[in-house]
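K.L.:
Give me the fold of what follows.
(chains A and B)
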Number of protein chains: 2
Amino acid sequence: MSAELVAKVHDEHHFESTDFVKDVVIGMADGLTVPFALAAGLSGAVDSSVIIVTAGIAEIAAGSIAMGLGGYLAGRTEVDHYNSELAREYFEVEKFPEKEKQEVVEVLQDFGVSESSSRSITEEMSKDKEKWVQFMMRFELGLEKPDEKRAGQSARNIGIAYIVGGFIPLSPYIFIHTASQALLVSIGITLIALFIFGFFKAKATGQAPWMGALKTTLIGALAAGVAFGLAKVIGGKV
Amino acid sequence: MSAELVAKVHDEHHFESTDFVKDVVIGMADGLTVPFALAAGLSGAVDSSVIIVTAGIAEIAAGSIAMGLGGYLAGRTEVDHYNSELAREYFEVEKFPEKEKQEVVEVLQDFGVSESSSRSITEEMSKDKEKWVQFMMRFELGLEKPDEKRAGQSARNIGIAYIVGGFIPLSPYIFIHTASQALLVSIGITLIALFIFGFFKAKATGQAPWMGALKTTLIGALAAGVAFGLAKVIGGKV
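P.N.:
This is a model prediction of the structure:
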């Protein structure tokens, strides 16, 4: 999600949410929706809450591992990717300096700087190889240096948010043994939770809060409705 | 995932996979893993494949809607975010041109361009407001113009990839009525599928293919193992 990659070079009032908030949003959005829909779907096919709780917990375990570990590996991959591109740029600057200078000139010209000015700044910039490479990384390749420690933290945050989110729709089935009754309570608390979550998610990402609350709630309701209908058709009452 | 935001300004041999491939990778990674783990988990608690198929299809419906629609809305949010930042930059360039010029000067100085050169190129650049704003968007805020049509395509691709991925681990339960037997077949074909998928995913994202195959397989196996263990503890044999 590139909307999350807002770079904050200067201290302006452009929005940037913290990485922690982003992780929680990613984990909780799916954690609230998928276990909710799974439990609702199974309620259309089985009477006993025990099966639903079992399925729900299996799903929460699977989902949190897949998302958390997936997030961790994506973070590691990003670091590796950055480092390999960095090594390549250093190599190119060393071996083909004229070609790389020409690329800087072209980047600058694209932004309306005249050719002669572009050439003279390129000469200035190329005196410091490190800054020259940083320029290429950022302005030619659009890559920002990723934080090496982020991958592990991110995995933990996303995984925990998924688990917390997932237990909200599942909790009624733990306490109410008739699935159809638990379903009604689950729908009630989960739609409220989705609405509140959607509101703050939208606020945190600089969007219109009420619209965000509505969108998030509708996705959850749609997923649960489709899952319920499909499960009823396929499973009948087991 | 910022590794996916590799900007391709020039025709160099830096890697960029297609948007389609990225969508399929995102959808299939979770589609193979979560329904696999859910079905494996339920196999530890129920004897009948019918319940597992019902739960699996409910999960696939819920997951594909959550991911697909989630992807669509994330794409729309990205477009909205870009447009609102763009409007803000136009406003600032209009109202506070000196402040914005100073920011361009600082960006250039950060890259080793002298102050006097930075000032003279900034003056050149600021003659064309459109290019000036583009420079600020890209180099100060790190934002690239998102493709408006992508959101819908991306939703469809991710959703379908999730469904295709999800039916691989689920298919044995459709044909084999004893859950414990279906589980063995599901483990076999899904681990193979995860390995092949991980291999091509790594290739497509410029990573070491065998290592990628191993990582992807291990995440799936871990998620399924934990889900199985938890479901066995909680659900017993229903």
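K.L.:
Helices of chain A, start to end?
P.N.:
A:19-43, A:49-95, A:97-110, A:115-125, A:129-135, A:150-175, A:179-204, A:209-235 (DSSP state H).
K.L.:
can you redo those helices as TSV with mean pLDDT and distance to B:G165?
P.N.:
C-beta: built from backbone N, CA, C; applies to glycine. Output for the helices of chain A, formatted as TSV (pLDDT from 0 to 100; distance: least, Cβ to Cβ, whole Å):
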stretch	mean pLDDT	distance to B:G165
helix A:19-43	88	14
helix A:49-95	87	11
helix A:97-110	86	39
helix A:115-125	83	46
helix A:129-135	85	39
helix A:150-175	92	19
helix A:179-204	92	25
helix A:209-235	87	17
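K.L.:
So which bits of stretch A:87-97 are buried?
P.N.:
Neighbour-count burial for stretch A:87-97 flags A:R88, A:E89, A:E92, A:V93 (criterion: 16 or more other Cβ atoms under 10 Å in any protein chain shown).
K.L.:
What about A:M137, how many residues nearby?
P.N.:
18 (other Cβ atoms under 10 Å in any protein chain shown).
K.L.:
how about it, what does it touch?
P.N.:
A:Y82, A:E85, A:L86, A:E89, A:L143, A:K145 (Cβ atoms under 8 Å, 6 or more residues apart in numbering or on different chains).
K.L.:
Of the residues you listed, which ones also sit close to chain B?
P.N.:
A:Y82, A:E85, A:L143 (Cβ under 8 Å from any Cβ of the partner chain).
K.L.:
how much space between the spatially closest residue to A:G75 that is not a sequence neighbour and chain B?
P.N.:
Distances taken as Cβ to Cβ, 6 or more residues apart in numbering or on different chains put A:A151 closest to A:G75, at 2.9 Å, once the chain neighbours are dropped. For A:A151, the distance to chain B (Cβ to the nearest Cβ, to the nearest Å) stands at 11 Å.
K.L.:
And A:I52, by the same measure?
P.N.:
9 Å.
K.L.:
I'd say that residue and A:Q181 touch.
P.N.:
No. If you go by Cβ atoms under 8 Å, A:I52 and A:Q181 don't touch, sitting 11.8 Å apart.
K.L.:
So for these two, which sits in the more crowded spot?
P.N.:
A:I52 (29 against 14).
K.L.:
centroid residue for chain A?
P.N.:
Geometric centre of chain A, nearest residue: A:I26, 4.5 Å, by Cα atoms, centre = their mean.
K.L.:
Work out the gap between stretch A:114-131 and the centre of the chain.
P.N.:
37 Å (Cα atoms, centre = their mean, to the nearest Å).
K.L.:
List the buried residues in it.
P.N.:
A:S117, A:S118, A:R119, A:S120, A:I121, A:T122, A:E124, A:M125, A:S126, A:K131.
K.L.:
Just the closest of these to chain B, please.
P.N.:
A:K131 (3.8 Å; Cβ to the nearest Cβ).
K.L.:
who touches that closest one in this structure?
P.N.:
Neighbouring residues of A:K131 by Cβ under 8 Å, 6+ apart: A:M125, B:D110, B:F111, B:G112.
K.L.:
ok, it to B:S114 distance?
P.N.:
12 Å (Cβ to Cβ, to the nearest Å).
K.L.:
same deal with A:L222?
P.N.:
A:L222 is 57 Å from B:S114, by Cβ to Cβ.
K.L.:
now the farthest one out in chain A, which residue is it?
P.N.:
In chain A, by Cα atoms, centre = their mean, A:S116 is the one farthest from centre (43.1 Å).
K.L.:
picking that back up, widest-spaced pair of the contacts of A:M137?
P.N.:
Distance extremes for the contacts of A:M137: the farthest pair is A:E89 and A:K145 at 12.4 Å, using Cβ to Cβ.
K.L.:
Most neighbours out of the ones next to chain B among the contacts of A:M137, which is it?
P.N.:
A:L143 (23 neighbours).
K.L.:
Quick check: closest non-adjacent residue to that residue.
P.N.:
Closest residue to A:L143 apart from its sequence neighbours, by Cβ to Cβ, 6+ apart: A:M137 at 5.0 Å.
K.L.:
try A:L214
P.N.:
Counting by Cβ to Cβ, 6+ apart, the residue nearest A:L214 is A:G198, at 7.1 Å.
K.L.:
residues in contact with the one you found?
P.N.:
Contacts of A:G198 by Cβ under 8 Å, 6+ apart are A:G212, A:A213, A:L214, A:K215, A:T216, A:T217.
K.L.:
what does A:P35 give?
P.N.:
A:G56, A:E59, A:I60, A:G63, A:G165, A:G166, A:F167, A:P169, A:L170.
K.L.:
again, but for A:R119
P.N.:
A:V105.
K.L.:
before we move on, what about A:I51?
P.N.:
With Cβ under 8 Å, 6+ apart, A:I51 has these contacts: A:L42, B:L42, B:A45, B:V46, B:I51, B:G235, B:V238.
K.L.:
And for A:E115?
P.N.:
A:V105, A:Q109 are the contacts of A:E115 under Cβ under 8 Å, 6+ apart.
K.L.:
what do you get for A:G63?
P.N.:
Taking Cβ under 8 Å, 6+ apart, one finds A:D30, A:G31, A:V34, A:P35, A:Y162, A:G166, B:V34 in contact with A:G63.
K.L.:
so can I have a markdown table of the residues you listed showing distance to B:S186?
P.N.:
As requested, these are exported to a markdown table (distance: Cβ to Cβ, whole Å):
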| residue | distance to B:S186 |
| --- | --- |
| A:D30 | 23 |
| A:G31 | 24 |
| A:V34 | 20 |
| A:P35 | 21 |
| A:Y162 | 23 |
| A:G166 | 23 |
| B:V34 | 13 |
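K.L.:
among those residues, which ones are buried?
P.N.:
A:D30, A:G31, A:V34, A:P35, A:Y162, A:G166, B:V34.
K.L.:
List just the nearest of those residues to B:G71.
P.N.:
A:D30 (11.5 Å).
K.L.:
What sits closest to that closest one if chain neighbours are left out?
P.N.:
B:A66 (5.7 Å).
K.L.:
and of the contacts of A:G63, the nearest to A:T190?
P.N.:
Proximity of the contacts of A:G63 to A:T190 was ranked by Cβ to Cβ; the top entry is A:P35 with 9.1 Å.
K.L.:
need the contact list for the residue lying closest to that closest one once chain neighbours are set aside.
P.N.:
In space, and not counting its chain neighbours, A:P35 is closest to A:G166: 4.0 Å by Cβ to Cβ, 6+ apart. Applying Cβ under 8 Å, 6+ apart to A:G166 gives the contacts A:G31, A:L32, A:V34, A:P35, A:G56, A:E59, A:I60, A:G63, A:S64.
K.L.:
Could you do A:S120 as well?
P.N.:
Per Cβ under 8 Å, 6+ apart, neighbours of A:S120: B:S117.
K.L.:
how much space between it and A:A40?
P.N.:
A:S120 is 66 Å from A:A40, by Cβ to Cβ.
K.L.:
gap between A:D80 and B:I196?
P.N.:
Distance from A:D80 to B:I196, by Cβ to Cβ: 22 Å.
K.L.:
Equivalent analysis for A:A161, please.
P.N.:
31 Å.
K.L.:
out of those two, which sits in the busier spot?
P.N.:
A:A161 (24 against 13).
K.L.:
Was I right to think that one contacts A:L32?
P.N.:
No. Contact between A:A161 and A:L32 fails when scored by Cβ under 8 Å: they sit 9.5 Å apart.
K.L.:
That's all I had, so thanks and see you.
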